[in-house]
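Q: Sequence unavailable; structure follows:
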């Protein structure tokens with residue numbers, strides 16, 4: 001994108017609406033995304049920072065009047081400057097506190113969407129982090145009213161919010177104070193923590209003072225602060241985007257550089273609850289889901305969003321997997337007919353590629369429904385390709401036999417075999433056809449079956465020639481007429497070939513299933529690892545907060561946190577146990593499907609063996625004449 005586009009606009013009736021053109025941009029982004037959103041009061045210079053993150057001087061509208069320039073949420077997607085194969089998505093939000101809007105809930109919705117969509121949230125403000133600045137963040141205290149974790153709504157531990165809330169950066173613009181606390185030099189981060197320090201006591205005044213601070217501390221355990229001096233003299237501030245760098249304060253440029261580098265290095269890829277990586281495509285789905293929910297008057301629910309994403313992504317994962325399989329097999333189809341083990345080997349390769357493609361995109365397929373659907377559709381396609389390969393083999397064999405028997409056919413028309421000694425001559429010609437045919441079709445899957453039909457057709461000619469051969473006595477004709485072992489031989493060879501092909505298919509299916517089970521286990525282990533890391537991050541944040549409370553003398557709050565952490569551990573252990581059970585059931589169901597498939601093929605194998613044994617026992621013991 002060479003410039004930003006509007007992602008979420010405000011309709012004339014005040015409702016938020018998603019712009020289809022922006023969703024089309026996101027749909028094309030298959031890479032993971034780092035999403036940085038900036039929020040803050042209007043006319044505080046948010047857009048300038050976002051332009052710098054994009055590596056540009058201009059882009060997001062800055063405006064030069066007291067009127068709020070940005071409406072809704074605007075998006076700019078650029079290649080991430082330090083993370084390969086990753087896209088940086090910048091979201092510039094409508095300024096909060098614009099008196100022209102006349103809708104206090106609108107600001108909270110914009111703020112909530114920024115939290116829901118971003119992996120790093122930048123709060124932009126002016127002056128200092130004083131009580132007034134924190135009180136203006138009433139949106140933080142209302143977050144749990146505008147965002148739900150689960151549906152139906154139930155009491156949720158704050159750590160559940162921590163799992164998916166973004167990291168938090170407070171950018172303080174036009175900062176003129178000395179970074180000094182209690183007579184000692186302080187860092188920007190220490191300044192932020194000092195501003196978020198809680199007061200002891202239980203009065204309503206103390207509680208009102210503590211509430212926004214407690215919310216920030218609970219929901220955003222990963223916090224960072226940058227203090228920016230005035231960028232230039234007041235007369236030039238409105239034209240900041242067009243100023244020559246020489247006209248901008250070097251101190252301001254230095255802080256801006258540190259700010260951008262920190263975000264490039266530290267901002268994480270956006271993840272869904274349970275650790276699923278968000279691509280541009282998935283981000284587009286999330287935007288649509290959340291905005292549609294808000295427009296309907298409901299509260300966005302993360303669990304519902306994840307379920308909705310799982311449905312969309314898993315269906316698309318099945319489709320993508322099938323496309324990978326079909327693309328490979330269609331190329332192979334150009335070489336039909338092929339030997340069975342060759343087409344089976346390629347099927348196995350493309351089937352595993354299809355599974356890998358599915359695994360890469362799918363998530364929350366806890367019952368294996370979508371994976372089973374992929375397997376079923378791949379097998380249906382494979383059966384179709386086997387049929388097409390057989391048809392191609394049949395045609396090649398028929399064409400070859402037609403060519404090899406052309407001379408014999410011409411002799412039959414001319415009556416060359418209808419004379420004394422004609423039967424022996426016919427048998428000799430047929431033997432020559434058999435030798436040439438077998439030498440040229442030893443790898444054809446339909447060679448035996450096609451030749452069986454050919455011999456049955458020629459048996460009619462052989463009977464007529466046998467009866468017409470005046471050189472043979474009646475006794476000799478009876479003996480030769482009985483020696484038709486070649487037909488039975490061909491019948492047996494055809495069944496042996498079918499049996500061989502079935503065994504090859506069973507072996508290929510066994511190997512494919514082993515690899516599929518390995519991939520499933522690998523994906524499950526990865527999901528479990530992400531789930532544990534997610535829980536560990538939430539627990540670490542609670543431990544840090546508890547330590548800070550104890551240090552400042554908030555014993556009662558620290559004790560409550562101990563109880564919360566114990567409950568949090570119990571819930572996580574239960575969730576991990578449930579997930580492990582789901583995975584075990586998924587593997588078991590997949591194994592059962594494989595066993596059923598093998599059992600069906602084994603039954604076919606037994607039936608073929610029985611028919612073969614019956615024919616072997618009925619095989620004549622006498623000579624070996626062609627007919």
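A: It's in. Predicted model only: the values in this text are computed from it and were never measured.
Q: now residue 277: how far from residue 363?
A: Residue 277 sits 9 Å away from residue 363 when distances are taken as CB to CB, to the nearest Å. The C-beta positions use only the backbone N, C-alpha and C, and glycine is treated the same way.
Q: more neighbours, these two?
A: Taking residue 277 and residue 363 together and counting by other CB atoms under 10 Å, residue 363 has the greater number of neighbours (21 against 15).
Q: was I right about that one contacting residue 310?
A: Yes - checked against CB atoms under 8 Å, the pair residue 363 and residue 310 is within contact range at 5.9 Å.
Q: any idea which helix or strand comes after the lowest-mean-pLDDT helix or strand in the chain?
A: In the chain, no helix or strand scores lower on mean pLDDT, DSSP states H and E than helix 474-482, which sits at a mean of 53. If you walk from helix 474-482 toward the C-terminus, the next helix or strand you reach (DSSP states H and E) is helix 485-551.
Q: now for that next one, which elements pack on it?
A: helix 158-164, helix 204-219, helix 340-361, helix 447-468, helix 555-617 (3 or more CB pairs under 8 Å, 6 or more residues apart in numbering; DSSP states H and E).
Q: so what secondary structure elements neighbour the second one?
A: So the one you mean is helix 204-219. In this structure, helix 204-219 packs against helix 131-135, helix 138-141, helix 158-164, helix 485-551, with contacts taken as 3+ CB pairs under 8 Å, 6+ apart.
Q: same thing but 6 Å
A: Using 3 or more CB pairs under 6 Å, 6 or more residues apart in numbering; DSSP states H and E as the contact criterion, the elements in contact with helix 204-219 are helix 138-141.
Q: Which parts of the protein belong to which domain?
A: The record's domain parsing of the chain by the TED database lists 5-300, 315-482, 525-617.
Q: Which one, of those domains, ends up nearest to residue 504?
A: Proximity to residue 504 (CB to CB) singles out domain 315-482 among those, at 5.6 Å.
Q: low-confidence ranges in the stretch 101-250 of the chain?
A: Across the stretch 101-250 of the chain, residues meeting the criterion (pLDDT under 70) sit at 101-104, 151-160, 234-242.
Q: ok, now with 80
A: Counting by pLDDT under 80, the low-confidence segments of the stretch 101-250 of the chain come to 101-104, 135-136, 138, 144, 149-164, 232-246.
Q: Contact partners for the most centrally placed residue in the chain?
A: In the chain, the centroid-proximal residue (CA atoms, centre = their mean) is residue 361; its distance is 0.8 Å. Residue 361 makes contacts with 313, 317, as judged by CB atoms under 6 Å, 6 or more residues apart in numbering.
Q: Now do the same for it: its pLDDT.
A: Here the pLDDT value assigned to residue 361 is 86.
Q: Would you mind measuring from it to residue 550?
A: Applying CB to CB, one obtains 45 Å for the distance of residue 361 from residue 550.
Q: Quick one: neighbours of residue 135, just the number.
A: Other residues within reach of residue 135 by the criterion other CB under 10 Å amount to 13.
Q: Ok, the one 10 residues further on next?
A: By other CB under 10 Å, 10 other residues sit near residue 145.
Q: which stretch of helix or strand covers it?
A: Take DSSP H and E as the rule and residue 145 turns out to sit in helix 143-146.
Q: buried stuff in that helix?
A: 143, 144, 146 (16 or more other CB atoms under 10 Å).
Q: now the last one: how far from residue 431?
A: To tie it back to what came earlier, the one meant is residue 146. The spacing between residue 146 and residue 431, counted by CB to CB, is 88 Å.
Q: just the first one next, same as before
A: Between residue 143 and residue 431 the distance is 89 Å, computed by CB to CB.
Q: How much space separates the residue nearest to residue 36 when sequence neighbours are not counted from residue 266?
A: Setting aside the residues directly before and after it, residue 36 is nearest to residue 120 in space (CB to CB, 6 or more residues apart in numbering), at 4.7 Å. When CB to CB is the yardstick, residue 120 and residue 266 sit 8 Å from each other.
Q: Identify all contacting residues around whichever strand or helix holds residue 88.
A: Here residue 88 sits within strand 87-93, counting by DSSP H and E. For strand 87-93, contacts defined as CB under 6 Å, 6+ apart pick out 29, 31, 33-39, 47, 50, 53-54, 60, 70, 73-78, 80, 110, 114, 280.
Q: average model confidence for it?
A: pLDDT averaged over strand 87-93 equals 95, rounded to a whole number.
Q: Next secondary structure after it?
A: Moving toward the C-terminus from strand 87-93, the first helix or strand encountered (DSSP H and E) is helix 104-117.
Q: List the buried residues for the host helix or strand of residue 328?
A: Under DSSP H and E, the secondary-structure element containing residue 328 is helix 302-333. Within helix 302-333, the residues scored as buried using 16+ other CB under 10 Å are 302, 304-306, 308-310, 313-314, 316-318, 320-322, 324-326, 328-329, 332.
Q: Now for residue 371: which residues touch it?
A: Listed by CB under 6 Å, 6+ apart, the contact partners of residue 371 are residue 365.
Q: hang on, the earlier thing: between the domains of the chain, which one is closest to residue 511.
A: Ranking the domains of the chain by proximity to residue 511 (CB to CB) places domain 315-482 first, at 6.2 Å.
Q: The closest one: how far from the chain's middle?
A: Counting by CA atoms, centre = their mean, to the nearest Å, domain 315-482 is centred 39 Å from the centre of its parent chain.
Q: so where does the closest residue to residue 229 other than its chain neighbours fall, helix or strand?
A: Ranked by CB to CB, 6+ apart and with sequence neighbours excluded, the top spatial neighbour of residue 229 is residue 251, at 5.0 Å. Taking DSSP H and E as the definition, one finds residue 251 inside helix 250-266.
Q: contact partners of the helix or strand following that helix?
A: Helices and strands here follow DSSP H and E; after helix 250-266, the next one along the chain is helix 280-295. Judged by CB under 6 Å, 6+ apart, the contacts made with helix 280-295 from elsewhere in the structure are 8, 15-16, 18, 23, 26-27, 29, 33, 87, 109, 116, 300, 305, 308-309, 312.
Q: Show me which of those are buried.
A: A residue is treated as buried here by neighbour count (16+ other CB under 10 Å); on that basis the buried members of the contacts of helix 280-295 are 8, 16, 18, 23, 26, 29, 33, 87, 109, 116, 300, 305, 308-309.
Q: what's the pLDDT at residue 598?
A: Here the pLDDT value assigned to residue 598 is 67.
Q: That should have said residue 498, apologies.
A: In the predicted model, residue 498 carries a pLDDT score of 69.
Q: ok, residue 335 to residue 344 distance?
A: Between residue 335 and residue 344 the computed distance is 14 Å (CB to CB).
Q: what ranges of the stretch 351-500 of the chain fall below the confidence cut-off?
A: Low-confidence segments of the stretch 351-500 of the chain (pLDDT under 80): 366-367, 419-420, 442-443, 466-500.
Q: Apply 70 and report the result again.
A: 470-495, 497-498.
Q: again with the stretch 501-627 of the chain
A: 594, 597-598, 601-602, 604-606, 608-609, 611-627.
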